[in-house]
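Engineer: what follows is a predicted protein model with its sequence.
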Amino acid sequence: QLTGNQFSENGRDGLYFNLPDGVASMGGTVSNNTFVGNGGLEAFYIYQDAADCALNITANTIATHNHHGIWLDNFSSAQYTIVGNDISDSGTGLAITAEPQAGTVTLDITTNVLYQGRDGIHLWAYESARIDARVIGNEIYGHDRLGISCDARSTGATVDTLIRGNHLYGNGQDAGYGIGYSAIECLEAGGALTRSRILANRIHDNNGWGIYSESSESVDIRYNRIDHNQGGVYVATDDESTVSFNNIHDNYFSYYVAIYRHELANGSGTAVFAQYNYWGPIYTTAIESGSNPRELPFIYDRWDSLALGYVEYSNWLQESIDTSDEDGDGLTDLYEGQRDLDPLLPDTDGDGLDDQTEMDFWGVNWDGDADGDGLINVLDPDSDNDGAPDGLEVSGGTDPSDPADAQVRVYEDGEDGLILGWD
């Protein structure tokens, strides 16, 4: 445990961990430290090839470094929880790499503030390595280039990300030719895979696309507020992507004397499902002024180039979508209402899992019914009816959809039936 220290004005890194092959494990917490003005590459660098690595990086203040604020360079599997750090003026604020053959690197990146560096967050996986990341509730602003970058960079690499509830603004200041870097960028090389869910983010006033995604699999973009960027959403995927229930408006860029107004651009031959979006008052009026579907000045698709798929923009909305989150569980009130979750309770079914964590856990099976009792999984406090609440099973590593994989009750003495706990 490394807590409450100050690392400043060193000639190289502030803190350097070298964990070569053969090291059995590393774990612990790095918290409430200050890293300022170390003249080398990083404030905090880990070279990691240990058999087992699990580290919490919490509430550190990091400022004024040349290369990275935090760089976690992984050659084997690892788990990191990165929460509540303040990272500024430090090249790439947070960089996590999964090097070739590294296995799986699991990340929880939440409630950090990253600002005024070169880039905010980079997640890069190389050959046969995998990154599984939750990037939630961060504030990222004022960078020269990217806000969040998720990149599967070589054959067999996978980057699977949930990007939810972040606030990105003022990024992409290094504009180059008219349009700068994107606030959120998800890319993949040939033979690699990037899978992204981009939900309920606030993305505005960036000097590049609000969201830019190129991947073989579909991307899920919903419940975001995307406005006043130099381009709204760019999607180029082999499978049909979903861009729905967003507020997308007032995104444009100028190039020489021309002004380009692209709220949504399709960069592939596959259709994009883009129903139930609010396009702002001007473009809503434009849509309704003629027959549909047709070429629209703010959507770039097959109407502009026969090489592209259509953007299916029907069922547009007449007014802005409310993206508020009254119970603070990371899910918008609209999203919860559509799934019969209570927007005023962070744990609707009282099973010990907040609604966001429960939706993430069940994924596409959120509305299944594991025990056949008529309650869908996300509303059932004991989804397999084995007597153990779902939250207890998830925290204990058992499967809440399988009654045969159960926690065991521990009784006091067999007389009064008092349950002391679970094992």
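Structural biologist: Cool, the structure landed. Numbering: from 1, shown residues only.

Engineer: can you show me the helices along the chain?
Structural biologist: Taking DSSP state H, the helices of the chain run over residues 281-288, 333-338, 355-362, 390-396.

Engineer: residues contacting residue 168?
Structural biologist: Residue 168 makes contact with 120, 140-141, 147-148, 183-184, 201-204, 206, 210, according to Cβ atoms under 8 Å, 6 or more residues apart in numbering. Just so you know, the C-beta spots here come from the backbone N, C-alpha and C atoms, and that holds for glycine as well.

Engineer: now residue 78: how far from residue 243?
Structural biologist: Distance of residue 78 to residue 243, given as Cβ to Cβ, to the nearest Å: 33 Å.

Engineer: where in the protein is pLDDT low?
Structural biologist: Low-confidence segments of the chain, defined by pLDDT under 70: 40, 175-180, 253-261, 407-423.

Engineer: just want the most central residue of it.
Structural biologist: residue 163 (1.7 Å; Cα atoms, centre = their mean).

Engineer: if we can go back for a sec, make TSV out of the contacts of residue 168 and add neighbour count.
Structural biologist: Compiled in TSV, the contacts of residue 168 are given as follows (neighbours: other Cβ atoms under 10 Å):
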residue	neighbour count
120	31
140	31
141	18
147	33
148	30
183	32
184	33
201	30
202	16
203	30
204	18
206	30
210	32
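
Engineer: including distance to residue 396, could those go into CSV?
Structural biologist: Below are the contacts of residue 168 laid out as CSV (distance: Cβ to Cβ, whole Å):
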residue, distance to residue 396
120, 35
140, 34
141, 39
147, 36
148, 32
183, 38
184, 34
201, 32
202, 35
203, 37
204, 41
206, 42
210, 40
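
Engineer: return the member of those nearest to residue 299.
Structural biologist: Of all the contacts of residue 168, residue 210 has the smallest distance to residue 299: 14.7 Å, by Cβ to Cβ.

Engineer: return the distance of the nearest residue to residue 5 once chain neighbours are set aside relative to residue 79.
Structural biologist: Spatial nearest neighbour of residue 5, excluding adjacent residues (Cβ to Cβ, 6 or more residues apart in numbering): residue 33 at 4.8 Å. Distance, residue 33 to residue 79, by Cβ to Cβ: 20 Å.

Engineer: same deal with residue 18?
Structural biologist: From residue 18 to residue 79 the distance is 19 Å (Cβ to Cβ).

Engineer: of the two, which one has the most company?
Structural biologist: Remark: of residue 18 and residue 79, residue 79 carries more neighbours, 16 against 10, as counted by other Cβ atoms under 10 Å.

Engineer: and the gap between residue 386 and residue 380?
Structural biologist: Using Cβ to Cβ, residue 386 is found at 12 Å from residue 380.

Engineer: the more surrounded of the two?
Structural biologist: A direct count of neighbours by other Cβ under 10 Å for residue 386 and residue 380 places residue 380 higher, at 22 against 19.

Engineer: the more buried one against residue 373, yeah?
Structural biologist: Yes: between residue 380 and residue 373 there is a contact under Cβ atoms under 8 Å: 6.9 Å.

Engineer: now the helices of the chain in TSV, with mean neighbour count and distance to residue 89?
Structural biologist: Formatted as TSV, the helices of the chain follow (neighbours: other Cβ atoms under 10 Å; distance: least, Cβ to Cβ, whole Å):
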stretch	mean neighbour count	distance to residue 89
helix 281-288	14	38
helix 333-338	17	35
helix 355-362	22	31
helix 390-396	19	38
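
Engineer: which of the ones you listed sits closest to residue 9?
Structural biologist: Closest to residue 9 of these is helix 355-362 (Cβ to Cβ; 40.8 Å).

Engineer: quick check: residue 234 touching residue 215?
Structural biologist: No: the criterion here is Cβ under 8 Å, and residue 234 misses it with residue 215 at 11.8 Å.
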